[in-house]
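J.: Turn this into a structure:
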Amino acid sequence: MQRARIVFVILFGLLLLAFGLLLGFGVRGWFVRGAPVVINTATVLRQVQTLSQLVTVKYVMEKVVVRTVPAGNPIGRAVGSEDRVLLLAHGIVKAGVDLSTLTSKEIRISGKRVVITLPPSQITDAYLDDQQTKVLDRSTGLFTTFDKNLEQDARSEAVDSIRRAARNTGIIKDADERARLQLTLLFHQMGFEEVEFVAP
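T.: Presented below is the predicted three-dimensional model:
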């Protein structure tokens, strides 16, 4: 009888121990699963800076450029002789925001709300597509010296002209709007519910 009682006490103790372990793991799991994910300014800054130079807009533009050099001698100038190139320039202009310059001072977090001072958008690149850029005409007058740099000068002028045209068409505004949209999506994925952008 006494032996049976001892076995019963041991079994009861083991059951209590097992129940306690299960309860302990269950409570720990509840707390771990329910623990809020803390996102601080440094974490947000690292996430944003990984985007580095965020190119948000690309414009494709064409421009016809005429570059001429008048004759360098009186006879040539008298008859209107010149060295001339006619270039059809196919250009690409990109714009975006340089997020690598952001510091913790430009990001403020309050609960589920983040306020970011976004750097101004800027043109990040402008160049000609060599495969689609064509010399439509190249002529040198009878009393004019051939200028070997004339085509390259026309290309440089075309890049400057396309860059100005993209700026006048609104590429900076488009880049700013796209950057805000992409960053808003990023912040929402990080758990923020409200995103506000302020001017620098």
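J.: what about this structure, any weak spots by pLDDT?
T.: Scanning the chain for pLDDT under 70 picks out the ranges 1-53, 72-80.
J.: ranges for the helices of it?
T.: Taking DSSP state H as the criterion, the chain carries its helices at 2-34, 41-49, 74-79, 150-169, 171-189.
J.: I would like the residues contacting stretch 154-162, please.
T.: With Cβ atoms under 8 Å, 6 or more residues apart in numbering as the test, stretch 154-162 has contacts from 61, 63, 65-67, 85, 87, 89, 91, 93, 126-128, 133. Yep, even glycine has a C-beta here, placed from its N, CA and C like the rest.
J.: how does it look with 6 Å?
T.: Stretch 154-162 has contacts (Cβ atoms under 6 Å, 6 or more residues apart in numbering) with 61, 63, 65, 67, 85, 87, 89, 91, 93, 126, 128.
J.: Could you do stretch 89-99 as well?
T.: So stretch 89-99 is in contact with 48-49, 51, 53-63, 65, 119, 121, 123-129, 132-133, 158, 162-163, 166, 171, 175, 179, going by Cβ under 6 Å, 6+ apart.
J.: List only buried entries from these.
T.: The neighbour count (16 or more other Cβ atoms under 10 Å) marks 48, 51, 54-59, 61, 63, 65, 119, 121, 123-124, 126, 128, 133, 158, 162-163, 166, 171, 175, 179 as buried among these.
J.: sorry, back to before: strands - which of the contacts of stretch 154-162 land there?
T.: Taking DSSP state E, the ones among the contacts of stretch 154-162 that sit in strands are 61, 63, 65, 67, 85, 87, 89, 91, 93, 126, 128.
J.: among those, which two are most distant?
T.: Val85 and Val93 (22.3 Å; Cβ to Cβ).
J.: Give me the contact list for stretch 113-126.
T.: 55, 93-98, 101, 106-108, 159, 163, 172, 175-176, 187, 192, 194-198, 200.
J.: what's the span of it from first residue to last?
T.: Criterion Cα to Cα, to the nearest Å; first-to-last residue distance in stretch 113-126 is 36 Å.
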